[in-house]
Every structure is written in C-alpha cells, then in structure tokens.
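Participant: With the sequence up front, the predicted model follows.
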Amino acid sequence: MNRLSTEKRAEIIRCLVEGTSINATCRMTSAAKMTVLKLLRDLGEATSRYQDAALRHLPSRRIEADELWSFCHAKARHVPEKYAGQFGYGDVWTWTALDPDTKLMVTWLVGDHSETDADTFLSDLKERVTNRIQLSTDGNLLYSGAVERVFGRDVDYAQVIKDYGIQQSDDASPTARRYSPNVVKSIELRVMMGDPDPDHISTSHVERMNLTIRMGMRRFTRLTNAFSKKVENLAHAVTIQFMFYNFARPIRRSGRTSLLRWRRASAITSGPLTRSPPCSIRLLRSARGTSRLSRNRRHLLRRQPPTLVTVPR
C-alpha cells in the first residue's frame with residue numbers, strides 16, 4: 001500500500017491552508033484528488049480531537065462572536081427538491097468565537113442558523129473559559145435568547161448594531177454592491193446584560209477574522225465553483241484552518257508562531273503542549289510557508305459616533 005511521505009503531506013496541507021482549491025492542489029502537487037480528500041479527512045479528525053482537548057481552561061476575559069455564511073452542494077434556491085430542508089444542502093453557517101486580546105480562535109461550529117446551534121455554540125464557549133467574560137456580538141436575534149439560556153446572568157453582554165444606509169452606484173447598476181455592504185450610517189452599542197466596558201464593546205476583530213477565513217479557505221471564496229460539495233469536508237477544512245491559525249501560522253508583527261498565542265492564552269501549565277506535540281502539529285509546522293497575506297485596509301467612513309444604550313431587563 002502506497003503512503004504519502006511527510007514532505008508530500010506537508011506540501012498538500014500548505015496549499016490547502018493558504019487558500020488553494022482541491023483541484024489546484026492536485027495539479028500543484030501531482031496528487032490524486034481522492035488522496036487529497038482522504039488526507040483532509042484524516043487530518044481534520046486529528047486536529048479536531050487535539051483542539052477539543054487543548055483549548056480548555058482558557059483565561060479569556062473578552063470574546064467576540066460572529067457567524068459566516070457559506071453553502072454546500074448548491075445555493076439554497078438551487079437545491080434539488082429531494083434534498084430540500086436537509087442540513088448540508090444549501091446555506092451553511094460557521095459560528096466563531098475570537099479572543100480579541102490574544103487573537104485566539106476559542107471555538108467554532110459549522111451548522112445552520114438556528115436557536116439549537118446558537119445554544120450549542122455558546123454552551124461550548126462557556127465550557128472553555130474560566131473567567132466571567134465580556135461578550136460582544138452583532139444584532140442577530142438568535143444571540144439574545146441563547147446568551148441568557150446558556151450563561152444566565154454570569155456574563156457581561158452587549159451588541160453592536162450597525163445601521164447601513166443605501167448608496168447608489170456611480171453607473172446606476174443594481175448589482176454593483178451586491179457582494180459588499182452599504183455605507184454604515186450609525187453604530188449603536190446596546191448593553192443587553194451585566195456591566196460590559198463600553199470601550200471594549202466591539203466586533204471588529206472577529207469581523208476581520210471573516211476576511212482571514214475567506215482568504216485562507218478557497219471553499220469560502222465567492223463567485224467560484226470551489227464551494228464544498230459535502231458539509232463534512234467543509235467542517236474538516238475549517239478545523240484544519242483554525243489549527244494552522246492557532247498553532248502554526250506566524251504572527252505577523254513579532255515573527256513568532258501562533259503557538260505562542262495559545263501559550264499566552266492558556267492557563268494550563270501542564271497541558272498537552274508541555275509534551276511532545278502530536279504528528280498533526282508537527283505536520284502543520286512543516287507545512288508552514290513563508291508567504292503572508294497582505295493586509296487589507298478598509299477606507300475609514302465618516303459616520304455618527306456610537307450610541308450606548310442600556311436595555312432594561
């Protein structure tokens with residue numbers, strides 16, 4: 001039975017974590033498509049088990065949460081009737097929770113846009129942190145009930161609600177701004193629970209993480225045919241990407257690896273990283289490339305200052 005060498009596996013993983021599609025990876029590495037997909041599944045399962053055990057007892061005090069849209073098999077309006085309503089066909093949402101102080105991706109969930117998945121996502125987040133956290137989200141109504149059901153009153157929770165205006169395109173094209181948001185007219189900071197620090201009510205870091213996800217995984221790139229055909233492969237790709245981000249990707253400013261990001265964030269002194277790292281960690285370290293994504297800077301828009309509103313409970 002033929003087995004890929006460590007160097008060949010590292011070459012394939014390097015392509016996948018830097019935004020290359022499956023077919024392009026096959027062309028670049030001369031590996032068969034089924035071989036690449038099998039490596040994706042095997043490494044996805046290994047990295048999932050490792051991160052589930054390693055990312056616990058975290059001393060995080062601030063968390064920003066958001067959800068990212070994608071689709072599997074086909075867009076919702078093109079899903080065959082026999083698959084209508086089945087998870088994994090049509091819209092798929094990736095829920096993410098980021099620590100803005102350490103930039104650590106604490107937890108995530110590939111699921112749908114439902115109260116059940118909101119509860120599951122926040123319950124997993126609660127189990128991984130040791131301190132009372134300040135949680136910031138957007139104005140999604142799913143969060144309001146889920147936060148109260150999961151955390152009770154043991155959380156400082158606020159929402160960042162943005163009011164988008166309507167901006168006409170220069171050429172009057174109705175589709176000119178289809179894939180980008182309109183101008184933000186105002187931002188409202190709404191205190192939902194507890195006593196959050198107004199200076200730290202923000203979703204900017206996790207929203208910037210959405211760009212990192214879309215650039216690092218070809219499956220999330222819009223207007224291509226590289227979307228996931230199976231939701232299981234999407235979940236494996238997300239897990240591998242966050243393993244690379246949390247443990248192997250270089251920190252841009254200091255030149256150190258993201259492994260130190262985990263060490264700063266973790267309260268465990270005798271956890272998994274004090275022992276020899278598993279083969280999946282060593283493989284991702286060897287796959288770490290020298291290429292770095294250029295930083296996209298958005299133009300600053302003049303808008304009204306944020307308004308802080310306290311919601312009576």
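Facilitator: Thanks, I have it. Numbering: from 1, shown residues only.
Participant: pretty sure Asp117 is in a helix, no?
Facilitator: Yes: according to DSSP: H, G, I helix; E, B strand; the rest coil, Asp117 belongs to a helix.
Participant: From what I see, it and Trp108 are in contact.
Facilitator: No: using C-beta atoms under 8 Å, Asp117 is not in contact with Trp108; the gap is 11.4 Å. Using the backbone N, CA and C atoms, a C-beta is placed for each residue, glycine as well.
Participant: Spit out the residues that contact these two alike.
Facilitator: Trp95 (C-beta atoms under 8 Å, 6 or more residues apart in numbering).
Participant: between those two, who's got more neighbours?
Facilitator: Neighbour count, other C-beta atoms under 10 Å: between Asp117 and Trp108, Trp108 has more, with 24 against 19.
Participant: pLDDT score assigned to Asp199?
Facilitator: The score at Asp199 is 92. That number is its pLDDT.
Participant: nope, Pro59 is what I meant
Facilitator: 90.
Participant: Do I have it right that it meets Arg128?
Facilitator: No: using C-beta under 8 Å, Pro59 is not in contact with Arg128; the gap is 10.7 Å.
Participant: Identify the residue nearest Thr94 in space, chain neighbours excluded?
Facilitator: When the adjacent residues along the chain are set aside, Thr94 lies closest to Leu68, with 4.6 Å between them (C-beta to C-beta, 6 or more residues apart in numbering).
Participant: can you give me the helices for the stretch 151-300 of the chain?
Facilitator: Under the criterion DSSP state H, counting those that start in this stretch, helices of the stretch 151-300 of the chain are mapped to 204-216, 231-243, 259-265, 279-287.
Participant: Which of these comes out lowest on mean pLDDT?
Facilitator: helix 259-265 (a mean of 49).
Participant: Tell me how many other residues crowd the residue nearest to Thr94.
Facilitator: Neighbours around Leu68, by other C-beta under 10 Å: 19.
Participant: Quick check: which helices or strands does whatever helix or strand it lives in pack against?
Facilitator: Using DSSP states H and E, the element containing Leu68 is strand 62-72. Applying 3 or more C-beta pairs under 8 Å, 6 or more residues apart in numbering; DSSP states H and E, we find strand 62-72 packed against strand 90-99, helix 115-128, strand 134-137, helix 204-216, helix 231-243.
Participant: Just checking: what are the partner strands of the third one?
Facilitator: Spelled out, it's strand 134-137. In the sheet, strand 134-137 lines up against strand 62-72 (parallel), strand 156-164 (parallel) (DSSP bridges).
Participant: wait, which of the ones you listed is closest to Met215?
Facilitator: Nearest to Met215 among the strands paired with strand 134-137 is strand 62-72; the distance by C-beta to C-beta comes to 12.4 Å.
Participant: how far off strand 90-99 does the closest one point, in degrees?
Facilitator: Between the axes of strand 62-72 and strand 90-99, defined by axes from the mean of the first three to the mean of the last three C-alpha atoms, to 10 degrees, the angle is 160 degrees.
Participant: Before I go, just wanted to say thanks for your time.
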